[in-house]
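J.: need a structure here:
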Amino acid sequence: MFALREHLRALGHKFGSERDFGDRTEQAVFAFQTERGLRSDGICGPQTWAALLEAGFALGDRLVAVRRPLMRGDDVTALQLRLNALGFDPGRPDGIFGANTEAALRDFQRNAGLAQDGVCGPQTITALDRLDALAGGSVTEVREHEALRNAPRTIVGRRIAIHGADDEFGLCAMVANLLGDQGGEILLLIGTVSDATARAANDFHADLILSFSEPEPTKQRTSYFGTDKFKSVGGYSHAYHVARAIAGCLEPAEVAARTYQILRETEMAAVVLHLAEHEYRSIDLGVLSEAVANGVRIGFEADIALPPN
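T.: Below you'll find the model as predicted:
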């Protein structure tokens, strides 16, 4: 409890004389989750705690490079965003220093006349500061948009990973069968979200991963990877089309940018589908699975829906 409050206090939250996990602590956790695009329930679970640890680093606090396990943190996200804005593509700003980020950093160092060691230290940060005036938009968003624009407008042959917890196996299997019948190549992943989930989808070279989350208390939502400075074009487009498709049999779904683990750590367009619990428990799964599968198909066949600015 002390460590939790210390991390929150370092981010500007105040607790007064509260010693145990009371209202102020719960409100601080809820506010942090909302700000970071996490599931906002006021409970400090594994993903919230991991995000708190990552939030403690600013660019320049430590040397950033490829390590095992991979380095994670807000400093890595800041580096990725700055490289992106200068035209060096590290991939999505997911806060994970992997091979793509290292390659983009080395490319930047080469162009800036620095030693190409793949380590972001004081000299590299100084060079980034010097060139910030030249920064533009996000090269990752532009390249993702171009890749989508040039992709075949068909579901046939597209690789789709379908993920859900054990309780969602029936719905996942129905959707997987429908998409397979339409020509998609399907990978079915069942179980709790973990590093292995994202790794399996990445190794499958999926074009899309659709994950069914545990039902929400009140409303539907389709989530895609996005922050205040970056939005996945493919993720948004697929989330938008799935939301429109299920609106025919359920209450309207919100389309929202989030930073859930499965959205951050997968390399393809990713959508997490939350269903309102009261509707999920009452709707015919055959009807729902057809609506979801249609939304996925339309996402591949229709024009790209662009995320809001």
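J.: quick check: pLDDT value at Ala115.
T.: Ala115 is assigned a predicted lDDT (pLDDT) of 94.
J.: equivalent analysis for Glu216, please.
T.: For Glu216, the predicted pLDDT is 64.
J.: center of this protein, which residue is that?
T.: In the chain, the residue lying closest to the centroid (CA atoms, centre = their mean) is Leu263, at 2.7 Å.
J.: just the element for the closest residue to Met174 other than its chain neighbours, please.
T.: Nearest in space to Met174, with sequence neighbours left out and distances taken as CB to CB, 6 or more residues apart in numbering, is Ser289 at 3.6 Å. C-beta here means a position set from N, CA and C on the backbone, and glycine is covered the same way. Taking DSSP states H and E as the criterion, Ser289 maps to helix 285-301.
J.: just the mean pLDDT for that helix, thanks.
T.: For helix 285-301, mean pLDDT is 96.
J.: report how many residues lie close to Glu267.
T.: For Glu267, the count of nearby residues is 16 (other CB atoms under 10 Å).
J.: was I right to think it contacts Gly98?
T.: No: assessed by CB atoms under 8 Å, Glu267 is found out of contact with Gly98, at 9.7 Å.
J.: overlap in contacts, those two.
T.: Shared contacts of Glu267 and Gly98 (CB atoms under 8 Å, 6 or more residues apart in numbering): Gly91.
J.: what is the neighbour count of Cys249?
T.: Cys249, neighbours per other CB under 10 Å, totals 14.
J.: shouldn't it be within a helix?
T.: No: Cys249 is assigned coil when assessed by DSSP: H, G, I helix; E, B strand; the rest coil, not a helix.
J.: isn't it up against Ala291?
T.: Yes: with contacts counted by CB under 8 Å, Cys249 reaches Ala291, the gap being 5.2 Å.
J.: can you give me the helices for the stretch 51-200 of the chain?
T.: All helices of the stretch 51-200 of the chain, identified by DSSP state H, counting those that start in this stretch, fall at 74-85, 99-111, 122-131, 139-150, 169-181, 195-203.
J.: hmm, who's touching the second one?
T.: Residues from elsewhere that reach helix 99-111, judged by CB under 8 Å, 6+ apart: 65-66, 76, 79-80, 83, 86, 88-91, 115-120, 124, 127-128.
J.: so how do I select the buried members of the residues you listed in ChimeraX?
T.: Command for ChimeraX that selects the buried part of the contacts of helix 99-111, burial taken from 16 or more other CB atoms under 10 Å:
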select :76,79,80,83,86,88,89,90,91,118,119,120,124,127,128
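J.: tell me which other helices or strands the helix holding Ser289 touches.
T.: Helix 285-301 sits against helix 169-181, strand 208-212, helix 233-246, with contacts defined as 3 or more CB pairs under 8 Å, 6 or more residues apart in numbering; DSSP states H and E.
J.: now the second one against helix 169-181, angle please.
T.: So the one you mean is strand 208-212. Interaxial angle of strand 208-212 relative to helix 169-181 (axes from the mean of the first three to the mean of the last three CA atoms, to 10 degrees): 160 degrees.
J.: who does strand 208-212 touch, helix- and strand-wise?
T.: On a contact count with 3+ CB pairs under 8 Å, 6+ apart, strand 208-212 meets strand 159-164, helix 169-181, helix 233-246, strand 269-274, helix 285-301.
J.: tabulate the CA atom coordinates of the longest one in PDB.
T.: Written as PDB, here are the backbone C-alpha positions of helix 285-301 (Å, rounded to 0.1, in the frame of the first residue of the first chain):
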ATOM      1  CA  LEU A 285     -24.800 -15.800 -29.300                       C
ATOM      2  CA  GLY A 286     -25.500 -16.900 -32.900                       C
ATOM      3  CA  VAL A 287     -26.900 -13.400 -33.700                       C
ATOM      4  CA  LEU A 288     -24.100 -11.700 -31.900                       C
ATOM      5  CA  SER A 289     -21.400 -13.800 -33.600                       C
ATOM      6  CA  GLU A 290     -22.800 -13.000 -37.100                       C
ATOM      7  CA  ALA A 291     -22.800  -9.300 -36.300                       C
ATOM      8  CA  VAL A 292     -19.200  -9.300 -35.000                       C
ATOM      9  CA  ALA A 293     -18.100 -11.400 -38.000                       C
ATOM     10  CA  ASN A 294     -19.800  -9.000 -40.400                       C
ATOM     11  CA  GLY A 295     -18.100  -6.100 -38.700                       C
ATOM     12  CA  VAL A 296     -14.700  -7.700 -39.200                       C
ATOM     13  CA  ARG A 297     -15.400  -8.500 -42.800                       C
ATOM     14  CA  ILE A 298     -16.500  -5.000 -43.500                       C
ATOM     15  CA  GLY A 299     -13.400  -3.600 -41.800                       C
ATOM     16  CA  PHE A 300     -11.300  -5.400 -44.500                       C
ATOM     17  CA  GLU A 301     -13.600  -4.600 -47.400                       C
END
